[in-house]
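Chemist: Here's a sequence, model it:
(4 chains)
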2 protein chains.
Amino acid sequence: MAVTIKDIAKQVGVAPSTVSRVINGSAVISQETKDKIMKAMVEMDYHPNSLARNFANGSTYAIGLVIDASDDNTFSNAFFNRSVYAIETVVQENGYNLLITNDRDDDKRSSVEKLVFEKKVDGIILPSSSATPKLIRLLKKNNFPFIILGEPEIEKNETSWVDVNNALGSETAVKHLYQNGYQKIAFILENRTTVFAKNRVEGYEKALEEKGCGEKEDYIKDCGGKVENAFEITKELLRQANAPDAILCSNNVIAYQVLCALKEINVSTPNDVGVMTFDNYPFSEYMDPPLSVVDVDTFRLGEQAATNLIKKIQNADYENQQTIIATKLIIRESTKGKTK
Amino acid sequence: MAVTIKDIAKQVGVAPSTVSRVINGSAVISQETKDKIMKAMVEMDYHPNSLARNFANGSTYAIGLVIDASDDNTFSNAFFNRSVYAIETVVQENGYNLLITNDRDDDKRSSVEKLVFEKKVDGIILPSSSATPKLIRLLKKNNFPFIILGEPEIEKNETSWVDVNNALGSETAVKHLYQNGYQKIAFILENRTTVFAKNRVEGYEKALEEKGCGEKEDYIKDCGGKVENAFEITKELLRQANAPDAILCSNNVIAYQVLCALKEINVSTPNDVGVMTFDNYPFSEYMDPPLSVVDVDTFRLGEQAATNLIKKIQNADYENQQTIIATKLIIRESTKGKTK
DNA sequence: TAGAAATATGCAAACGGTTGCATGAAAGAA
DNA sequence: TTCTTTCATGCAACCGTTTGCATATTTCTA
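Modeler: Numbering: from 1, shown residues only, chains lettered A, B, ... in the order given. A predicted model of the protein is given here:
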């Protein structure tokens, strides 16, 4: 059907192995032979068949990216997608292909296990939500290269992972609020149970302690997964005797709810109450007022993960590595300081 | 290294071909033999090597999704991502893998051409922005299965594609606004040059004509790619002698700008001016007021594309097909009608 | 100038499946 | 009981590349 290495060899009058060596530069071939082969490849419109090539090499030249999406919204997570873009870029630059799979169970075998056992990829990147202890152990046992996006539950020191410095993120956010004169800082989260959220709460509490905030008012609120709840939660918080004068939010939608609620009860942002959120969504700078955010460089997150994984694939003894990506404050109107 | 079909065959005392036939169900094998083979496969922890399998079959069992991303924001396009989710689902259900590649040129050969010529995928899905006439012709010449997301520039009837009914979308939006009492409807677009936008403008104009709106005030505004401009554009529009009483926006960020601008100049939405937008972003229902939108079922878009492509891969004479996905209005507060 | 070393290339096996054809055994027909 | 048909399985080639080893030729060394 298509032109093969043998056709080229026959045409030029050399052995197929010689053609192969020219393609791969895997041996010294005389310039003369090389030229003839190259010429024939162009003339005959030859393209290496990667199916055969991968088979012979025992390598797929593909890396798998696992996504833990319960619905299409998960997929649309802007946070995650910038990482995907970074991963795709790095993977491509290194001559690999990116294979994306949702983490669903067919029968006994998860789609991830299939990728691994059936040799569909040379390595995988998986979110911590998919990195169950069982899977981690399985991968390690089979010596299969993988890297986790986010801190895993087990084997923290014996796996490679990349995470965002969530704790430090909220810590600096709280400190920034203090510096700008806010003193009673609440924290509204979408869901307090994730590792994610726990780290953020930790940093928040650390900052409070450092500032000697002994009172321990319960300013941490959980939306129970429903961001709309932030609206009522905010109004409730402000009704309290000891109402907060700043609110840190775990994401932009919550922050938007908070802004709306404050507006409804005629509380001014940032003059009465400061508002701050995690993640620099495109929307955040257009809010009224523009939101100060804890920016997470998700591009770097993906970039690190992909780079690291590829090193590991290419060098089996590449040591496990844990990378923590720093967060960055982007200061806008919403935390400008109180006027009174 | 790993367990192969030959190991199983030896263990059971049959020929490798018999094992292969059991795995593929490609011939009648006695129940007895079948059982023994199955048992051995489980006991020896055998997994078919898809590298070898694909090679023997001359098929990759992968489909390629091309993304035309100039930066990480393109990747984060919520619109597109829901399609990706759908595509991934369909692809997986059909036993294929999804390979994602950004459409970048290395040297002479684009990454797309590489996928095709080096047999890395069995078919591709590509956005109309990547479906250049040159590429379309190349694919058709090589009889390579592909489907376009969006109407292509050439060969409209000799290619398969899926598109959203953008024209009808804005037409119904405008009619809805009329019905609710708005009479002078402006249209603010991010960028008027895309095929996308052109179709939307077409539908908008059609609706105006049908309503006998002869005056032809220039109510179509272009942000020149910068959505922030919508803020000033809105204020300007409202300053005009013949100010509009409704604004249709080409996306949510623009709509948000419009809402803010109206608020700033003390124009009430929806009492004075109705606002409506394309795309049902998660944010839109939380806006103040909640936004009426032209909802585009991007999930179905991807689903259709993937389903169609797979049919074409599995049946070479599967005829080209063009699918147009209907839009749907979601009516919320922002177009409730004028009070005066 | 013979022998050793370096260079360029060929040969053939191997990678792990799949599949057309052949064959032996069992079942059915006459 | 013998011949034909059907069923179950084996044999071996094949898919396109890669690569260790062998070999022929050239270059170097003493």
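Chemist: Now do A:Pro289: how many residues are near it, please.
Modeler: For A:Pro289, the count of nearby residues is 17 (other Cβ atoms under 10 Å in any protein chain shown). C-betas here are computed from N, CA, C, even on glycine.
Chemist: so it makes contact with A:Ile331?
Modeler: No - assessed by Cβ atoms under 8 Å, A:Pro289 is found out of contact with A:Ile331, at 11.7 Å.
Chemist: Using PDB, write down the CA coordinates of stretch A:4-13.
Modeler: The C-alpha trace of stretch A:4-13 is given here as PDB (Å, rounded to 0.1, in the frame of the first residue of the first chain):
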ATOM      1  CA  THR A   4       7.800   1.300   3.100                       C
ATOM      2  CA  ILE A   5      11.400   1.300   4.100                       C
ATOM      3  CA  LYS A   6      11.900  -1.700   1.900                       C
ATOM      4  CA  ASP A   7      10.700   0.100  -1.200                       C
ATOM      5  CA  ILE A   8      13.200   2.800  -0.600                       C
ATOM      6  CA  ALA A   9      16.000   0.300   0.000                       C
ATOM      7  CA  LYS A  10      15.100  -1.500  -3.200                       C
ATOM      8  CA  GLN A  11      15.000   1.700  -5.200                       C
ATOM      9  CA  VAL A  12      18.400   2.900  -3.900                       C
ATOM     10  CA  GLY A  13      19.900  -0.600  -3.900                       C
END
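Chemist: Average pLDDT for it, rounded please.
Modeler: Stretch A:4-13 shows a mean pLDDT of 94.
Chemist: Is that stretch in proximity to DNA strand D?
Modeler: Yes - under the criterion of Cβ under 7 Å from any atom of the strand, stretch A:4-13 makes contact with DNA strand D via A:Thr4, A:Ile5, A:Lys6.
Chemist: and the last one, that's in a helix?
Modeler: Yes - per DSSP: H, G, I helix; E, B strand; the rest coil, A:Lys6 lies within a helix segment.
Chemist: mind checking how far it is from B:Pro145?
Modeler: Computed with Cβ to Cβ, to the nearest Å, the distance linking A:Lys6 and B:Pro145 is 27 Å.
Chemist: okay, those two: which has more neighbours?
Modeler: Shown here are A:Lys6 and B:Pro145; by other Cβ under 10 Å, B:Pro145 has more neighbours (23 against 11).
Chemist: How about the contacts made by the more buried one?
Modeler: Each residue near B:Pro145 by Cβ atoms under 8 Å, 6 or more residues apart in numbering or on different chains is listed here: B:Asp122, B:Gly123, B:Ile124, B:Leu309, B:Lys312, B:Ile313.
Chemist: Let me know the pLDDT of the fifth one.
Modeler: Note for B:Lys312: predicted pLDDT of 94.
Chemist: is chain A contacted by the helix or strand encompassing it?
Modeler: Assessed by DSSP states H and E, B:Lys312 sits inside helix B:298-314. Yes - interface with chain A: helix B:298-314 contributes B:Phe299 (Cβ under 8 Å from any Cβ of the partner chain).
Chemist: Show me what that helix is packed up against.
Modeler: strand B:62-67, helix B:78-93, strand B:123-127, strand B:146-149, strand B:161-164, strand B:322-325 (3 or more Cβ pairs under 8 Å, 6 or more residues apart in numbering or on different chains; DSSP states H and E).
Chemist: Tell me how far it lies from the chain's centre.
Modeler: Mean-position distance between helix B:298-314 and its chain equals 11 Å (Cα atoms, centre = their mean, to the nearest Å).
Chemist: Same question for stretch A:160-173.
Modeler: Offset of stretch A:160-173 from its chain centre (Cα atoms, centre = their mean): 13 Å.
Chemist: Which one of the residues of stretch A:4-13 next to DNA strand D is nearest to chain B?
Modeler: A:Thr4 (11.8 Å; Cβ to the nearest Cβ).
Chemist: measure the nearest residue to that closest one once chain neighbours are set aside to B:Asp7 for me?
Modeler: Distances taken as Cβ to Cβ, 6 or more residues apart in numbering or on different chains place A:Asn49 nearest to A:Thr4, at 7.1 Å, with adjacent residues excluded. Applying Cβ to Cβ, the value for A:Asn49 to B:Asp7 is 27 Å.
Chemist: hmm, back to that, same list (the residues of stretch A:4-13 next to DNA strand D) but as a markdown table, adding distance to B:Glu32.
Modeler: As requested, the residues of stretch A:4-13 next to DNA strand D are exported to a markdown table (distance: Cβ to Cβ, whole Å):
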| residue | distance to B:Glu32 |
| --- | --- |
| A:Thr4 | 42 |
| A:Ile5 | 44 |
| A:Lys6 | 43 |
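Chemist: Does A:Phe196 touch A:Asp163 like I think?
Modeler: No - counting by Cβ under 8 Å, A:Phe196 does not reach A:Asp163; the two are 9.1 Å apart.
Chemist: What helices and strands are in contact with the helix or strand hosting A:Arg137?
Modeler: Using DSSP H and E, A:Arg137 falls within helix A:133-141. The elements that helix A:133-141 packs onto, with contact taken as 3+ Cβ pairs under 8 Å, 6+ apart, are helix A:111-117.
Chemist: Pull the contacting residues for the nearest residue in space to A:Val258 that is not next to it in sequence.
Modeler: In this structure, A:Val258 finds its nearest non-sequential neighbour in A:Thr234, 4.8 Å apart by Cβ to Cβ, 6+ apart. By Cβ under 8 Å, 6+ apart, the contact set of A:Thr234 is A:Ile188, A:Ile247, A:Gln257, A:Val258, A:Ala261, A:Leu262.
Chemist: could you check the distance from A:Thr234 over to chain B?
Modeler: Distance of A:Thr234 to chain B, computed by Cβ to the nearest Cβ, to the nearest Å: 13 Å.
Chemist: hmm, back to that, chain A: which of the contacts of B:Pro145 is nearest?
Modeler: Set against chain A, the nearest of the contacts of B:Pro145 by Cβ to the nearest Cβ is B:Asp122 (10.5 Å).
Chemist: That closest one: what's it in contact with?
Modeler: Per Cβ under 8 Å, 6+ apart, neighbours of B:Asp122: B:Ser59, B:Thr60, B:Tyr61, B:Ala62, B:Ile63, B:Tyr96, B:Pro145, B:Ile313.
Chemist: partner residues bridging the fourth one?
Modeler: Beta-bridge pairing for B:Ala62 (DSSP bridges): B:Asn97.
Chemist: Quick check, it in contact with B:Tyr96.
Modeler: Yes - under the criterion of Cβ under 8 Å, B:Ala62 makes contact with B:Tyr96 at 6.1 Å.
Chemist: ok, the two, which is more surrounded?
Modeler: Remark: of B:Ala62 and B:Tyr96, B:Ala62 carries more neighbours, 24 against 21, as counted by other Cβ under 10 Å.
Chemist: need the contact list for the more buried one.
Modeler: Taking Cβ under 8 Å, 6+ apart as the criterion, B:Ala62 is in contact with A:Leu99, B:Tyr96, B:Asn97, B:Leu98, B:Leu99, B:Lys120, B:Val121, B:Asp122.
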